[in-house]
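Asks: sequence plus predicted model, see below.
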2 protein chains.
Amino acid sequence: MNSTSNIKDKEELENGSSFTPSYNADGLVTAVAQHASNGEILMLAHMNADAVAKTVETGKAHFWSRSRGKLWMKGETSGNTLDVVEILTDCDQDAIVMKVALNGKGACHTGAYSCFYRKVTTESGAPKLVRIER
Amino acid sequence: MNSTSNIKDKEELENGSSFTPSYNADGLVTAVAQHASNGEILMLAHMNADAVAKTVETGKAHFWSRSRGKLWMKGETSGNTLDVVEILTDCDQDAIVMKVALNGKGACHTGAYSCFYRKVTTESGAPKLVRIER
């Protein structure tokens, strides 16, 4: 590929209207689910091309489970599904943000509302985690 | 490692106060910068242990550049630094959310306020991207 086509590709990737996720070597992009109403980040996971397609097609958030090696619909077991209101992608299209409505009380498998239920504190010196309530 | 210690490790990872990021095979965790005031997700990048330590120590967001193979402080060239207000981690500690204040007009290298400046639309059939203004 010559430098002219590289520049053109970068221009299209960053400013074009083609939705062409930049999957990594494992075929994945990072996906963040953000509550559409309160803006809280609920969870972060990964999507392969199938998960992206299923999410767009069904309006329910789907991911690729790296530990189980399978496609899954968030909430398929717990019932805590995520209805996708809007899908955003970033400049280089290797990350996705989904604005979602949460069905159920929590998005985290621990039962927490958000997976991000702890913050780092350095009050006592070395960084420690403390639980937050929102 | 026996199953008892596995359970104990999982319990500590998910509910403990030890901040022990679960770095992947490349030594990285995913990091999301979210505007502390308006909740907008500004960018997504990666951190190695040095970037995490520098961020905690200085209060300025640092990342690991996979393309350049070096630690960088966000805004070191552009001046658009991110002041970290709060650092959150998720259940399995392989992702970080930073609540930040943005110095400058945009967090994206393209000049956009957020890297997530396009949304997916299926209005004309196949998924396409359209620019959003917030």
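Replies: Looks like it came in fine. Numbering: from 1, shown residues only, chains lettered A, B, ... in the order given.
Asks: show me which helix runs longest in chain A.
Replies: Secondary structure of chain A read by DSSP state H shows that its longest helix is helix A:3-15.
Asks: chain center to it: distance?
Replies: The chain centre lies 25 Å from the centre of helix A:3-15; the measure is C-alpha atoms, centre = their mean, to the nearest Å.
Asks: under the pLDDT cut-off, which ranges of chain A? List them.
Replies: Confidence mapping of chain A against pLDDT under 70 gives the ranges A:1-4, A:134.
Asks: quick check: residues of it near chain B?
Replies: A:14-19, A:30, A:32, A:34, A:38-41, A:43-44, A:56, A:86-91, A:95, A:97, A:108-110, A:112, A:115-120, A:122, A:127-130, A:132 (C-beta under 8 Å from any C-beta of the partner chain). From N, CA and C alone the C-beta is placed, and that goes for glycine too.
Asks: by proximity to chain B, which residue of chain A wins?
Replies: When distances are taken as C-beta to the nearest C-beta, chain A approaches chain B most closely through residue A:39, which lies 2.8 Å from it.
Asks: now for the residue lying closest to residue A:29 once chain neighbours are set aside, how many residues are close by?
Replies: Residue nearest to residue A:29 in three dimensions, not counting chain neighbours: residue A:21, with 4.9 Å by C-beta to C-beta, 6 or more residues apart in numbering or on different chains. Residues within reach of residue A:21, counting by other C-beta atoms under 10 Å in any protein chain shown, total 20.
Asks: ok, now which ones touch residue A:21?
Replies: Taking C-beta atoms under 8 Å, 6 or more residues apart in numbering or on different chains as the criterion, residue A:21 is in contact with A:29, A:47, A:49, A:52, A:89, A:93-94, A:96.
Asks: tell me the SS of it?
Replies: Counting by DSSP: H, G, I helix; E, B strand; the rest coil, the backbone at residue A:21 sits in coil.
Asks: so what pairs up with the most centrally placed residue in chain A in the strands?
Replies: By C-alpha atoms, centre = their mean, the mean C-alpha position of chain A lies nearest to residue A:31, the distance being 1.9 Å. The residues listed as beta-bridge partners of residue A:31 by DSSP bridges are residue A:45, residue A:96.
Asks: isn't it up against residue A:48?
Replies: No - assessed by C-beta atoms under 8 Å, residue A:31 is found out of contact with residue A:48, at 10.3 Å.
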